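>>> sequence first, then the predicted structure:
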Amino acid sequence: MLVLAVVTVILIVIGMATYVLLFSQDKQATDSSKANADLLFIYQGKTVKLDPSSALFEPIQKEAERMFQAADTTYKLSVSNSLIERQKREGALEVIYVKPKNMTVKFNGKTPAISRLLVPLNGRFASGREVALFYGDPDYGAFNILATPVGLDQIRELVSKLK
(Lines give C-alpha, C1' and ligand atoms only; values in the text may rest on other atoms or scores of the structure.)
Protein backbone atom coordinates (compact mmCIF):
# COMPACT_ATOMS: atom_id res chain seq x y z
CA MET A 1 0.00 0.00 0.00
CA LEU A 2 2.88 2.36 0.84
CA VAL A 3 4.54 1.63 -2.50
CA LEU A 4 1.31 2.49 -4.32
CA ALA A 5 1.07 5.77 -2.41
CA VAL A 6 4.69 6.65 -3.22
CA VAL A 7 4.22 5.83 -6.91
CA THR A 8 1.06 7.95 -6.98
CA VAL A 9 2.87 10.89 -5.37
CA ILE A 10 5.71 10.59 -7.89
CA LEU A 11 3.28 10.54 -10.81
CA ILE A 12 1.47 13.61 -9.51
CA VAL A 13 4.73 15.44 -8.88
CA ILE A 14 6.10 14.69 -12.33
CA GLY A 15 2.85 15.89 -13.87
CA MET A 16 2.89 19.09 -11.82
CA ALA A 17 6.61 19.66 -12.29
CA THR A 18 6.06 20.83 -15.84
CA TYR A 19 4.56 24.00 -14.37
CA VAL A 20 7.52 24.53 -12.07
CA LEU A 21 10.30 23.87 -14.52
CA LEU A 22 11.63 26.06 -17.32
CA PHE A 23 11.09 25.01 -20.90
CA SER A 24 12.68 27.94 -22.70
CA GLN A 25 15.63 26.64 -24.74
CA ASP A 26 17.57 29.91 -24.37
CA LYS A 27 17.04 30.04 -20.62
CA GLN A 28 17.99 26.37 -20.22
CA ALA A 29 21.20 26.85 -22.17
CA THR A 30 22.13 29.84 -20.00
CA ASP A 31 21.29 28.08 -16.75
CA SER A 32 23.06 24.87 -17.76
CA SER A 33 26.27 26.76 -18.37
CA LYS A 34 26.18 27.98 -14.74
CA ALA A 35 25.31 24.62 -13.20
CA ASN A 36 27.72 21.70 -13.12
CA ALA A 37 24.97 19.26 -14.13
CA ASP A 38 21.49 18.91 -15.58
CA LEU A 39 18.80 17.10 -13.61
CA LEU A 40 16.17 15.33 -15.71
CA PHE A 41 13.05 13.59 -14.45
CA ILE A 42 11.92 10.95 -16.90
CA TYR A 43 8.59 9.13 -16.81
CA GLN A 44 6.51 7.44 -19.50
CA GLY A 45 8.65 8.85 -22.28
CA LYS A 46 8.45 12.44 -21.03
CA THR A 47 11.53 14.30 -19.86
CA VAL A 48 11.34 17.32 -17.58
CA LYS A 49 14.46 19.35 -16.85
CA LEU A 50 14.77 20.87 -13.40
CA ASP A 51 15.66 24.56 -13.34
CA PRO A 52 19.18 24.95 -11.86
CA SER A 53 17.96 27.94 -9.83
CA SER A 54 15.39 25.76 -8.04
CA ALA A 55 15.98 25.43 -4.31
CA LEU A 56 15.73 21.65 -4.76
CA PHE A 57 18.31 21.34 -7.55
CA GLU A 58 21.38 21.08 -5.31
CA PRO A 59 19.80 18.83 -2.62
CA ILE A 60 18.57 16.38 -5.26
CA GLN A 61 21.96 16.31 -7.01
CA LYS A 62 23.82 15.84 -3.70
CA GLU A 63 21.51 13.01 -2.64
CA ALA A 64 22.02 11.19 -5.97
CA GLU A 65 25.79 11.55 -5.53
CA ARG A 66 25.60 10.37 -1.91
CA MET A 67 23.72 7.29 -3.07
CA PHE A 68 26.45 6.55 -5.63
CA GLN A 69 29.26 6.98 -3.12
CA ALA A 70 27.47 4.83 -0.52
CA ALA A 71 27.04 1.87 -2.90
CA ASP A 72 27.97 -1.37 -1.21
CA THR A 73 28.07 -3.81 -4.12
CA THR A 74 27.88 -4.16 -7.89
CA TYR A 75 25.35 -5.95 -10.05
CA LYS A 76 26.69 -8.44 -12.55
CA LEU A 77 24.38 -7.29 -15.28
CA SER A 78 25.08 -6.22 -18.83
CA VAL A 79 23.52 -2.79 -19.18
CA SER A 80 22.04 -2.33 -22.64
CA ASN A 81 20.42 0.71 -24.21
CA SER A 82 17.07 -1.07 -24.12
CA LEU A 83 17.44 -1.66 -20.36
CA ILE A 84 18.20 2.04 -19.78
CA GLU A 85 15.25 3.10 -21.96
CA ARG A 86 12.91 0.71 -20.13
CA GLN A 87 14.03 2.12 -16.76
CA LYS A 88 13.48 5.66 -18.01
CA ARG A 89 9.92 4.72 -19.03
CA GLU A 90 9.30 3.31 -15.54
CA GLY A 91 10.59 6.51 -13.90
CA ALA A 92 14.05 7.83 -13.12
CA LEU A 93 16.16 10.79 -12.19
CA GLU A 94 19.08 11.35 -14.54
CA VAL A 95 22.05 13.52 -13.61
CA ILE A 96 24.08 14.59 -16.64
CA TYR A 97 27.32 16.35 -15.75
CA VAL A 98 28.65 19.21 -17.87
CA LYS A 99 32.16 17.83 -17.27
CA PRO A 100 32.82 14.28 -16.02
CA LYS A 101 32.89 14.14 -12.24
CA ASN A 102 35.16 11.81 -10.26
CA MET A 103 33.35 10.15 -7.38
CA THR A 104 34.79 7.56 -5.03
CA VAL A 105 32.73 4.44 -4.35
CA LYS A 106 32.98 3.51 -0.66
CA PHE A 107 33.05 -0.28 -0.85
CA ASN A 108 35.78 -0.69 -3.48
CA GLY A 109 37.63 2.63 -3.31
CA LYS A 110 37.42 3.14 -7.08
CA THR A 111 36.97 6.67 -8.42
CA PRO A 112 35.36 6.47 -11.85
CA ALA A 113 34.70 9.56 -13.96
CA ILE A 114 30.95 9.93 -14.28
CA SER A 115 29.18 11.81 -17.08
CA ARG A 116 25.76 10.31 -16.37
CA LEU A 117 24.04 8.86 -13.35
CA LEU A 118 20.59 7.26 -13.56
CA VAL A 119 18.64 6.77 -10.32
CA PRO A 120 15.53 4.61 -10.76
CA LEU A 121 12.46 5.99 -8.95
CA ASN A 122 10.12 3.10 -9.83
CA GLY A 123 10.35 -0.42 -11.21
CA ARG A 124 12.39 -3.48 -10.42
CA PHE A 125 15.61 -1.56 -9.82
CA ALA A 126 13.96 0.71 -7.23
CA SER A 127 12.26 -1.85 -5.04
CA GLY A 128 13.34 -3.82 -2.06
CA ARG A 129 16.31 -3.03 0.16
CA GLU A 130 18.68 -1.74 -2.51
CA VAL A 131 18.48 0.65 -5.44
CA ALA A 132 20.45 0.03 -8.63
CA LEU A 133 22.39 3.01 -9.96
CA PHE A 134 23.47 3.13 -13.60
CA TYR A 135 26.48 5.26 -14.53
CA GLY A 136 28.89 5.93 -17.36
CA ASP A 137 31.24 8.21 -19.25
CA PRO A 138 30.13 9.26 -21.78
CA ASP A 139 27.29 6.71 -21.91
CA TYR A 140 26.07 3.95 -19.64
CA GLY A 141 28.53 1.04 -19.73
CA ALA A 142 27.95 -2.69 -20.02
CA PHE A 143 28.57 -3.48 -16.34
CA ASN A 144 28.33 0.03 -14.86
CA ILE A 145 25.69 -0.68 -12.26
CA LEU A 146 26.01 -0.35 -8.50
CA ALA A 147 23.60 -1.17 -5.68
CA THR A 148 23.08 1.12 -2.73
CA PRO A 149 20.97 0.62 0.39
CA VAL A 150 20.49 4.36 0.99
CA GLY A 151 18.77 7.36 -0.50
CA LEU A 152 15.68 6.20 -2.39
CA ASP A 153 13.25 7.50 0.22
CA GLN A 154 15.16 10.78 0.42
CA ILE A 155 15.16 11.26 -3.38
CA ARG A 156 11.44 10.46 -3.53
CA GLU A 157 10.75 12.93 -0.71
CA LEU A 158 12.71 15.69 -2.50
CA VAL A 159 10.88 14.96 -5.77
CA SER A 160 7.52 15.19 -3.97
CA LYS A 161 8.41 18.77 -2.96
CA LEU A 162 8.52 19.90 -6.60
CA LYS A 163 4.92 21.14 -6.47
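On my side now, so go ahead.
>>> which SS class is the residue positioned nearest the centre of the chain?
Among the residues of the chain, the one closest to the centroid is Leu93, at 2.8 Å (CA atoms, centre = their mean). Under the three-state scheme (DSSP: H, G, I helix; E, B strand; the rest coil), Leu93 adopts strand.
>>> for the one 3 residues further on, same thing?
Following three-state DSSP, we place Ile96 in the strand state.
>>> was I right to think it contacts Leu40?
Yes. If you go by CB atoms under 8 Å, Ile96 and Leu40 touch, sitting 6.8 Å apart. Where C-beta positions appear, they are placed from N, C-alpha and C, glycine not excepted.
>>> picking up where we left off before, I figured the residue nearest to the centre of the chain was touching Asp38, is that so?
No. Counting by CB under 8 Å, Leu93 stays clear of Asp38, with 11.0 Å between them.
>>> for Thr111, see how far away the closest residue to Ala35 other than its chain neighbours is.
Closest residue to Ala35 apart from its sequence neighbours, by CB to CB, 6 or more residues apart in numbering: Pro52 at 3.7 Å. Per CB to CB, to the nearest Å, Pro52 is found 25 Å from Thr111.
>>> more neighbours: which of the two?
Each of Pro52 and Thr111 has its neighbours counted (other CB atoms under 10 Å); Pro52 has more, 20 against 11.
>>> Lys161 versus the more buried one, what's the distance?
Separation of Pro52 from Lys161 (CB to CB): 16 Å.
>>> Gly109 now?
Applying CB to CB, the value for Gly109 to Lys161 is 34 Å.
>>> neighbour-wise, which of these two wins?
More neighbours surround Lys161 than the other of Gly109 and Lys161, with 12 against 7 (other CB under 10 Å).
>>> helices or strands next to whichever strand or helix holds Glu63 in the packing?
For Glu63, the host element (DSSP states H and E) is helix 57-69. With contacts defined as 3 or more CB pairs under 8 Å, 6 or more residues apart in numbering; DSSP states H and E, helix 57-69 has these neighbours: strand 37-43, strand 92-102, strand 113-120, strand 131-136, strand 140-148, helix 152-160.
>>> quick check: buried residues in it?
Buried positions in helix 57-69, judged by neighbour count with 16 or more other CB atoms under 10 Å: Phe57, Ile60, Gln61, Glu63, Ala64, Glu65, Met67, Phe68, Gln69.
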